[in-house]
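Trainee: next input, structure requested:
(one chain, ligands or ions: 2)
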Amino acid sequence: MSYLSDLVQREPAGRRLRERLQQPGILRLPGAHNGLAALQAREAGFQGLYLSGAAMSASMGLPDLGIMTAADVAFFVRQVAGASGLPVVVDADTGFGEALNVMATVAALETAGAAAVHIEDQILPKKCGHLSDKRLASPGDMAAKVGAAVRARRDILVIARTDAAASEGLEAAIARARLYLEAGADAIFPEALTSAEMFRAFADAFPGVPLLANMTEFGRTPPFTAAEFESFGYAMVIWPVSSLRVAAKAQEELYAAIARDGAATAMLPRMQTRAELYETIGYFDYEALDGLIARSTISKSRQ
Ligand SMILES: C[C@](O)(C(=O)O)[C@H](CC(=O)O)C(=O)O
Ligand SMILES: [Mg+2]
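Mentor: Ligands and ions are numbered 1, 2, ... in the order given. Next up is the predicted model:
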């Protein structure tokens with residue numbers, strides 16, 4: 001399956017994600033911070049992907065404070081969803097504004113190919129959910145944004161993220177999530193829960209509601225496996241920034257090597273070869289497709 005054939009997806013991404021969520025088993029969504037990473041994740045067998053605000057902004061050389069725009073995010077969605085053809089859950093931060101901005105964001109990201117977006121109840125400048133001193137929108141203001149998101153969507157799922165557990169406690173986070181579900185959210189993302197007990201207690205409050213767990217590294221959530229999150233009652237799990245972190249570390253080592261040696265030779269064993277890269281991006285499939293189109297156009301023009 002190449003990028004070009006994936007562009008002609010029969011069924012909208014949101015519908016494909018809904019169908020997958022009906023099936024048993026937790027949906028594992030590794031972060032893919034660009035089209036190439038998306039192709040590699042698909043090759044490894046994943047059925048869906050996550051597009052992280054932290055990884056997109058870091059790729060742009062920016063901190064994750066809500067500085068990027070919906071148009072920036074749409075650029076990433078087009079490559080990740082377009083290249084992989086997989087349903088992509090997309091981090092839309094705070095929706096980049098209030099009700100009307102949220103509507104425009106949801107419409108733009110759905111058009112770009114997203115299967116789901118999540119919107120969080122922080123105010124700007126927003127922070128990584130695993131940091132301290134996050135400032136929250138009022139539950140009513142956030143519910144209004146969720147309602148706006150739902151009005152603007154065609155098939156895309158609207159996931160409401162609550163960052164309230166850290167500052168207001170688990171019960172308040174549960175109360176907020178109930179309100180967001182009443183406003184039309186399809187799924188809930190309880191952010192920065194810190195123990196198995198918390199994950200279970202949150203899930204017990206929402207039987208039948210798809211819940212998303214965030215397994216970010218170096219955060220407040222201790223390391224759990226996908227199977228553990230499934231046993232806690234979660235339908236989706238993300239590893240949001242892992243691909244970016246690994247790539248960033250490798251890049252750091254590459255630049256140090258070139259600066260030190262005046263050559264990249266020491267890093268050759270760590271590199272994907274030209275052949276491997278072309279295989280990943282389907283280089284020769286594109287060339288073959290181009291040749292096929294040229295031949296069929298010529299033969300038609302001779303008829
Ligand atoms: C999930 C998240 O929103 C993201 O942008 O990937 C971040 C991840 C992180 O910073 O580790 C988050 O706020 O948890
Ligand atoms: Mg984020």
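
Trainee: which residues are in contact with V73?
Mentor: Counting by C-beta atoms under 8 Å, 6 or more residues apart in numbering, V73 makes contact with L51, G53, M56, V90, D91, A92, T105, L109, A112. The way it works is simple: take the backbone N, C-alpha and C, and place the C-beta from them, glycine included.

Trainee: can you select the buried ones from these in PyMOL?
Mentor: Of the contacts of V73, the buried ones can be selected in PyMOL as follows, counting by 16 or more other C-beta atoms under 10 Å:
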select buried, resi 51+53+56+90+91+92+105+109+112
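
Trainee: just the contacts of V73: which are in helices?
Mentor: G53, M56, T105, L109, A112 (DSSP state H).

Trainee: out of the residues you listed, which comes closest to I258?
Mentor: Among these, M56 lies closest to I258 (C-beta to C-beta), at 26.3 Å.

Trainee: now that closest one: closest residue in space, sequence neighbours ignored.
Mentor: F76 (5.0 Å; C-beta to C-beta, 6 or more residues apart in numbering).

Trainee: could I have the host helix or strand of that neighbour exported to CSV, CA atoms only?
Mentor: Under the criterion of DSSP states H and E, F76 resides in helix 70-84. Presented in CSV, the C-alpha positions along helix 70-84 are these (Å, rounded to 0.1, in the frame of the first residue of the first chain):
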residue,chain,number,x,y,z
ALA,A,70,-4.1,24.6,13.9
ALA,A,71,-2.6,25.1,10.5
ASP,A,72,0.8,23.7,11.8
VAL,A,73,-1.0,20.7,13.2
ALA,A,74,-2.9,20.1,9.9
PHE,A,75,0.5,20.0,8.1
PHE,A,76,1.6,17.1,10.4
VAL,A,77,-1.8,15.3,10.2
ARG,A,78,-1.7,15.3,6.4
GLN,A,79,1.7,13.6,6.4
VAL,A,80,1.1,11.1,9.2
ALA,A,81,-2.5,10.1,8.1
GLY,A,82,-1.7,10.4,4.4
ALA,A,83,1.5,8.4,4.5
SER,A,84,0.2,5.6,6.7
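
Trainee: and that helix, is it in reach of ligand 1?
Mentor: No - against ligand 1, helix 70-84 shows no contacts by C-beta under 6 Å from any ligand atom, the least distance being 10.8 Å.

Trainee: so A37 sits against S242, correct?
Mentor: No - if you go by C-beta atoms under 8 Å, A37 and S242 don't touch, sitting 10.0 Å apart.

Trainee: and these two? Which one has more around it.
Mentor: Counting neighbours by other C-beta atoms under 10 Å for A37 and for S242 shows that A37 has the greater number, 25 against 20.

Trainee: who in the protein is up against ligand 2?
Mentor: By the rule C-beta under 5 Å from the ion, the part of the chain lying against ligand 2 is G53, D91.

Trainee: what parts of the chain come near ligand 1?
Mentor: The chain comes close to ligand 1 at residues 52-55, 64, 91, 128-130, 214, 216, 219, 240-241, as judged by C-beta under 6 Å from any ligand atom.

Trainee: just give the closest residue to the closest residue to ligand 2 within the stretch 151-300 of the chain, not the sequence neighbours.
Mentor: Closest residue of the stretch 151-300 of the chain to ligand 2, C-beta to the ion: P240 (7.0 Å). Distances taken as C-beta to C-beta, 6+ apart put S52 closest to P240, at 3.7 Å, once the chain neighbours are dropped.

Trainee: that neighbour contacts G31, doesn't it?
Mentor: Yes - assessed by C-beta under 8 Å, S52 is found in contact with G31 at 4.7 Å.

Trainee: any common contacting residues for those two?
Mentor: I238, P240, V241, L244.

Trainee: any chance of the residues you listed in TSV, with pLDDT, secondary structure and neighbour count too?
Mentor: Formatted as TSV, the shared contacts of S52 and G31 follow (pLDDT from 0 to 100; DSSP: H, G, I helix; E, B strand; the rest coil; neighbours: other C-beta atoms under 10 Å):
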residue	pLDDT	secondary structure	neighbour count
I238	99	strand	26
P240	98	coil	26
V241	98	coil	24
L244	98	helix	21
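
Trainee: ok, back up a step: hey, what's in contact with both of A37 and S242?
Mentor: G31.

Trainee: just for the stretch 1-150 of the chain, where's the confidence low?
Mentor: 1-9 (pLDDT under 70).

Trainee: ranges for the helices of it?
Mentor: For the stretch 1-150 of the chain, the helices defined by DSSP state H, counting those that start in this stretch cover 3-6, 13-22, 35-43, 53-59, 70-84, 99-112, 139-152.

Trainee: mind checking the ones you listed for the one nearest to F229?
Mentor: Taking the helices of the stretch 1-150 of the chain one by one with C-beta to C-beta, helix 13-22 is closest: 14.4 Å.
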